[in-house]
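> Whatever this is, show me its structure:
(one chain, ligands or ions: 1)
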Amino acid sequence: MDRRLSLSGSKVARRILFSFVLAALIPIGILGVLSFQQVKQQLQEQTAKALQRGCKDYAYGLVSRLLFAESSLRLAALKIHKSNKNDKPVALAGEQWLQGQFTGLAVLQADGQPATLSQDNAAIPVLTAEELAQIVAGKTLLKPVNGQRLEDSRLWMAINLVENSPKAGILMAELKPELLWNSETIDPNNLLWVMAADSVQMLFALEQDFDPSPELRAQVAQANSGRFSWQKDEEAYLGAYWKLPVATLFFGPDLIIVQSQPESLAFRAIRQFSAIYPPVILLAVLIVVYLSSRLIVKYLTPLERLILGTHRVAEGDLECRVTIDSDDEFEELADSFNEMTRRLRSQFNILATMAEIDRNILSALNAEDIIDTALNRLPSILFCDLISIAVINPDIGIANDIRVRRRGQNSEILSEPVILNQQDVADLRDLQNGAIEIGNDDEQMSEYLHVLGVSGAWRYLVVPVHVNGTLASIICLGYQAPKQIPPESRNAAISFGDRIAVALSNAAWEEKLYQHAHYDSLTGLPNRLVLHDRLGQELARARRDDAQLAVFFMDLDRFKNVNDSLGHSAGDELLRQVAGIFLNCVRATDLVVRLGGDEFVIVIGELHTQHNPAAFVSAVAEKILTALKQPVTVAGLPMTVTTSVGIALFPDDADNVQDLLKNADAAMYHAKSEGRANFRFYSPELNAAALENIKLEQELRGAIGRNELLVFYQPKVDWDGHIVGAEALIRWRHTELGMISPAKFIPLAEQTSLIVEISDWVLEQTCLWVNACHAQGLGPLRISVNLSAVDFKHPELVEKIAAVLNRTGVDPKFIELELTESVAIGDIKACIERMHHLKELGLTLSMDDFGTGFSSLSYLKELPLDVLKIDQSFVRQLETDGSSAAIVRAILALADGLGMETIAEGVETAVQLELLKQHHCGLFQGYLFSRPVPKDEFLSLLQADALKRGTAQPAAS
Ligand SMILES: Nc1nc2c(ncn2[C@@H]2O[C@@H]3COP(=O)(O)O[C@H]4[C@@H](O)[C@H](n5cnc6c(=O)[nH]c(N)nc65)O[C@@H]4COP(=O)(O)O[C@H]3[C@H]2O)c(=O)[nH]1
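Okay, here's the model as predicted:
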């Protein structure tokens, strides 16, 4: 940063310059003024003194000329006296030695009257008596005589003609003014004048016609000597005077010698000074400006650089350096500034890195990304030569993932986990929110640090990271000796440690959330979200590899019964075990998903590696079905479950996730409808079946109104084959589709709750039919009506049935309700209570399809059941399957033990009948006796049966 100061651009520079100039100007000015005054005073003094001296000199000259004139006059007197001639003065006057001094001579009589004159016209002044007396006394008279004009003024001198002889007369002479007032030595610029001290009359003035004012005259007459200032023609003058004490030598007035000089003349030296002074001041100012500018530039340029530096720092440029080599405080200041910016830069770098780490913490899914960022960024900002971050396994105290980065190298992971000393772990755990500094030779040097200290001597800063009070990680900064650990490194490392703690905690939480969002908590299997994601990926891969892919859709047959009968925890346990079985049946690369409830999906990928993909898929399905045949233990009970598997193939059956799942689902329903515990591949027809189901459902809704529903009756017979009752079975005679089996539409009706309406209708029809039969003298007959689980759980079931009984007026003892195990068992207490209410109505209750569910025999005795109905699947296998026979025997024995009636359904053959009779089954129902028939046909069967009985009484109820 090299920038020269501009004086005009810097306020400080301008102020300093102004101050410097002022500082120079004020003393110079004061000095100038004082000097001026001093010089003026001095000059005044000197001038006054010179004028005074001039007055004195002039006075001395005047005295000497007067004395010379006196001696000349005495000589002349002597000469006159000796000659004793009266004309002598005239003659003498012509003599050159006198001519030079006197204008004329005159001899006076002793009384002062003129005697002889050198000139006729000489105006001889009249002497006063005193003057005469003085002269007589031997004194020399000096008498000023004023003329009209100043130049006419004269000075006369008078002495006794003969010394000590006053009567001899008096010699008078008029002093020659040129000689007397000789002013050759006087500066022509000066004013000089002489006055009589007593009369202040002017006697002589160097300047013609000069007439000082009376005040001035009076002023100078006051003292023997002095000085004064005055104005003449508006010009200032300095003046001095000296009183010549003439009276001591002569008899006459003292003379005042006055000299004056114009101030301008006196102050000529000052005028020169005034002329020189401003340029000198100007020069001084210029020198001050020049020197101070140089100084200012010299001293303010560093300041300017510092200011520029601070501006750049303020604008965020922390890279700027201020270079000043002045070897003074400015250089020190620049060094401090550079150190400050370095620290700021370091702090900002630390903050930026921390912010980046914070962002990573917020966005990263795992701690590894954050640790990687830290390893890459921290060495440069913490000025360390090595950084390592170890993730600790808190359970076993092992640092098993130690990432190290040395300066200038990429980070690496130490392969060998380090077993931490228990003391180290305890020490680090106790050190919450802190750091310890450890030297290489330190006894505290732990095994963990030994591993890192591979290149020379080191100092370490160790920061433990705690998550939920547990030592989760160790951050270690390594410094090459003898470097000191900078304090900002320590703070930043601790702060970073906090972030790692948050990151690790977040990562664990994220992991938990991810698990929660993507995995089924019960079985640990991936869920629907993962299925869609993975299946999408598998499809993309299969498309790319031109491969096939299979999707299995499965649910457990009659799983609901398990849940209802053994409780949800048993159901959960079963699902867990089934999930394990599924996983064991597929490859690790295949995907097993629990969709929810008892629904599972398996995605079999990489079918291109198989010679015959379809055969492979079938084999997997078989494997699953076979594996499930092995009994599992749930709630302490051995149990076998079956599943129905629907299989859809990519790309034959569908080419996207949705359709594959939908078609596999359809295939599964197909498998179910074909008897469960098997698998079916999807075919387009299945789709048609699904559509048909939807159509069927819509049509079923209007079937009652359109009188398309019918009730058929299937007789129940006793040992002798006589009809003792019947089961009411619904039929749907569709106008277009013909007769539709209840096996087809009842499940549909149960799914849509239409079954409630249908069951109500069947019950009412049955009651009416019972009444009709009895009215015709046929009977008494007990006719059973199927009640589905949906019907049974209807909150107003009892009230509704009571209402039908009331409405139809049927005797309830002729009506039997057939419940399935799923209806009868579940919330067992509520179920029992409801059954009691039904019993209280006078109805008979039977358990349908007994043996197929998971009824617990322990509470069967609690149920107010009248009849147990053996499921036709056991009856069908009576002849072939020993275990079915055993079950039938057991059921019959149980019913007998509980005092219940028994009836076997689905009896088709005489052998079955015989076997059932052998096992003491009470009643029988099946095609062997009659198929379900319309009511008219059933009426005929009844009539025929009555005839067959002949004399025999119809069976009593
Ligand atoms: N193979 C064979 N089958 C025999 C034999 N004897 C009787 N069946 C059939 O076995 C089924 C007996 O009824 P379910 O077990 O209650 O099974 C019934 C019952 O669960 C339900 N269902 C029928 N009508 C109603 C009804 O009105 N209400 C309710 N909720 N369900 C009904 O539909 C199921 C099927 O009824 P269906 O098709 O009428 O079939 C009837 C009957 O026709 C035989 O010897 N061999």
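> can you tell me the average pLDDT over the longest helix along the chain?
Ordering each helix of the chain by length in residues (DSSP state H) puts helix 11-83 first. For helix 11-83, mean pLDDT is 84.
> Stretch 634-642 now?
For stretch 634-642, mean pLDDT rounds to 84.
> Likewise for stretch 187-201?
On average, stretch 187-201 scores 88.
> got the residues of the stretch 601-750 of the chain near the ligand?
Within the stretch 601-750 of the chain, the positions lying close to the ligand (C-beta under 6 Å from any ligand atom) are Q714, A728, L729, I730, S741, P742, A743, I746. Any C-beta I mention is one placed from the backbone N, CA and C, and that applies to glycine too.
> change it to 5 Å
Residues of the stretch 601-750 of the chain lying close to the ligand by C-beta under 5 Å from any ligand atom are L729, I730, S741, P742, A743, I746.
> The chain now?
Within the chain, the positions near the ligand by C-beta under 5 Å from any ligand atom are 729-730, 741-743, 746, 762, 786, 788, 906, 908, 926-927, 932.
> circling back to that earlier point, can you tell me which of the residues of the stretch 601-750 of the chain next to the ligand has the largest number of neighbours?
The most neighbours of any of these, using other C-beta atoms under 10 Å, belong to I730, which has 23 neighbours.
> How about the contacts made by the residue of the stretch 151-300 of the chain found nearest the ligand?
For the stretch 151-300 of the chain and the ligand, the shortest gap (C-beta to the nearest ligand atom) falls at L300, measuring 105.3 Å. Taking C-beta atoms under 8 Å, 6 or more residues apart in numbering, we find L300 in contact with L5, S10, V12, A13, I16.
> Double-check that it belongs to a helix.
Yes: according to DSSP: H, G, I helix; E, B strand; the rest coil, L300 belongs to a helix.
> please renumber so the chain begins at 438
Done: numbering now begins at 438, and the last item shifts to L737.
> tell me the average confidence for stretch 946-962?
84.
> From start to finish, how long is it in a straight line?
19 Å (C-alpha to C-alpha, to the nearest Å).
> Sort out which residues of that stretch are buried, please.
Residues of stretch 946-962 classed as buried: Y956, D957, T960, L962 (neighbour count, 16 or more other C-beta atoms under 10 Å).
> SS state for the residue of the stretch 838-987 of the chain found nearest the ligand?
The ligand sits closest to L959 of the stretch 838-987 of the chain, with a gap of 31.5 Å, by C-beta to the nearest ligand atom. With three-state DSSP as the basis, L959 sits in coil.
> Show the backbone phi and psi for it.
Main-chain dihedrals, L959, degrees, to the nearest 10: phi -80, psi -50.
> Tell me the spacing between it and L1133.
Going from L959 to L1133 by C-beta to C-beta, to the nearest Å gives 35 Å.
> Please apply the same query to S472.
Going from S472 to L1133 by C-beta to C-beta gives 131 Å.
> can you check Q533 too?
From Q533 over to L1133 (counting by C-beta to C-beta), the distance is 185 Å.
> tell me which helix or strand of this protein sits lowest on mean pLDDT?
Within the chain, no helix or strand scores below strand 849-851, which has a mean of 62 by mean pLDDT, DSSP states H and E.
> Which strands and helices lie in contact with the next helix or strand after that one?
Note on strand 849-851: by DSSP states H and E, the next helix or strand toward the C-terminus is strand 855-856. Judged by 3 or more C-beta pairs under 8 Å, 6 or more residues apart in numbering; DSSP states H and E, the packing partners of strand 855-856 are strand 835-843, helix 884-889.
> Flag whichever of these has the least confidence on average.
helix 884-889 - the lowest mean pLDDT of those, at a mean of 64.
> So the residue nearest the centre of the chain: helix, strand or coil?
The centre of the chain sits closest to A792, judged by C-alpha atoms, centre = their mean, with a distance of 9.3 Å. State at A792, reduced to three classes by three-state DSSP: helix.
> R965 contacts E1036, correct?
No: look at R965 against E1036 with C-beta atoms under 8 Å: they stay out of range, at 9.5 Å.
> low pLDDT regions in the stretch 738-887 of the chain?
For the stretch 738-887 of the chain, the stretches with pLDDT under 70 are 798, 801-804, 817, 831-834, 836-838, 843-854, 869-870, 877-887.
> Thanks again, I'm all set now.
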